[in-house]
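Asker: Just the structure for this:
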Amino acid sequence: MRLYHFTTEENLEQILESGYLNQSGGGLVWLTKNKELEAQEWSGGSNATVRISVSLLNISHFGRNAPPQKLVQGAVDWYTTEKAIPRKLWVDVESLQNGQWRIYKGLSYKNRKIK
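Answerer: Numbering: from 1, shown residues only. The predicted structure is shown next:
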């Protein structure tokens, strides 16, 4: 399944250095099926300019595991995982430039061979 993680360029430096998408507040990595920036508006996030796409098989759907008070309008496409997501599962790292998503500094993993 292709999912997307939105972040800022400042956070991206730390992500690239570690080689993992790590847990944010609440001990979760947040991902969405919706590749559009507007997908994160329900959470109050609006300053993300980086999108990391990942390919995951085992994740927990936000709606099935969150307590009712955390279920909010727009969260139906969101997923969470408690595990860090290693670079080997990333597909692309893109940045928003002039309203268009562009590969960030050559960080596309689509054609690599996974051992």
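
Asker: By mean pLDDT, which helix or strand of the protein comes out lowest?
Answerer: The weakest-scoring helix or strand in the chain, judged by mean pLDDT, DSSP states H and E, is helix 62-65 (a mean of 55).

Asker: Now do the helix or strand following it, average pLDDT.
Answerer: Using DSSP states H and E, the helix or strand that directly follows helix 62-65 along the chain is strand 78-81. When pLDDT is averaged along strand 78-81, the result is 80.

Asker: Mind listing the strands the helix or strand that strand 78-81 is followed by pairs with, and their directions?
Answerer: Proceeding N to C from strand 78-81, the next assigned helix or strand is strand 85-86, under DSSP H and E. Strand partners for strand 85-86, identified by DSSP bridges, are recorded as strand 20-21 (antiparallel).

Asker: And the helices in the protein, which stretches?
Answerer: For the chain, applying DSSP state H gives helices covering 9-18, 62-65.

Asker: Brilliant, that's me finished.
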